[in-house]
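1. quick check, what structure comes out for this input:
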Amino acid sequence: MKLQLTVLSLVFIAALLIRELSALTNPGPQPRRGRAREGDIMSRLGEALVDGLPAYVLLAVIGVVMFSFGKPERLPQYAGWAVVVLQILRGLLVMAGESRSPKRVAGILSLICLAYLWILQLPIFTTLPY
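-> Sure, this is the predicted structure:
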């Protein structure tokens, strides 16, 4: 089950990364999500939570897989904390209504860290049975 989860997660991360990179390199009129008034803090908070949900779900699954087979080393721990910090930064940028480029860069960096964590779960990097 771990191999299937790892491969599926890597495919999902690759699709997200391709979408973010194509949007970053091809800036054009993007369809805006439905925003309420400019000062509506609850709608902005909702956008930030929806924006960070895919990274949170993948990070939570990675954490469960790693901790079920033992404590991770330092570099995976740092990568996990980097994902958390980058998602907080991205959420703050979404709430502040900043331009799309800083949000996309934070998202791309977060996806790179997530991809690193999932690549470590592949059979060539671990001796645990699948």
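2. okay, which residue is most central for this structure?
-> In the chain, the residue lying closest to the centroid (CA atoms, centre = their mean) is Ala55, at 3.1 Å.
3. Gln121 in helix, strand or coil?
-> coil (DSSP: H, G, I helix; E, B strand; the rest coil).
4. find the nearest non-adjacent residue to it, please.
-> Thr6 (4.4 Å; CB to CB, 6 or more residues apart in numbering). For glycine as for every other residue, the C-beta is placed from the backbone atoms N, C-alpha and C.
5. shouldn't that neighbour be in contact with Ala115?
-> No - look at Thr6 against Ala115 with CB atoms under 8 Å: they stay out of range, at 11.0 Å.
6. neighbour-wise, which of those two wins?
-> Thr6 (22 against 18; other CB atoms under 10 Å).
7. pLDDT at the more buried one, what is it?
-> pLDDT for Thr6: 74.
8. likewise the one 5 residues further on?
-> Turning to Val11, the model gives it a pLDDT of 79.
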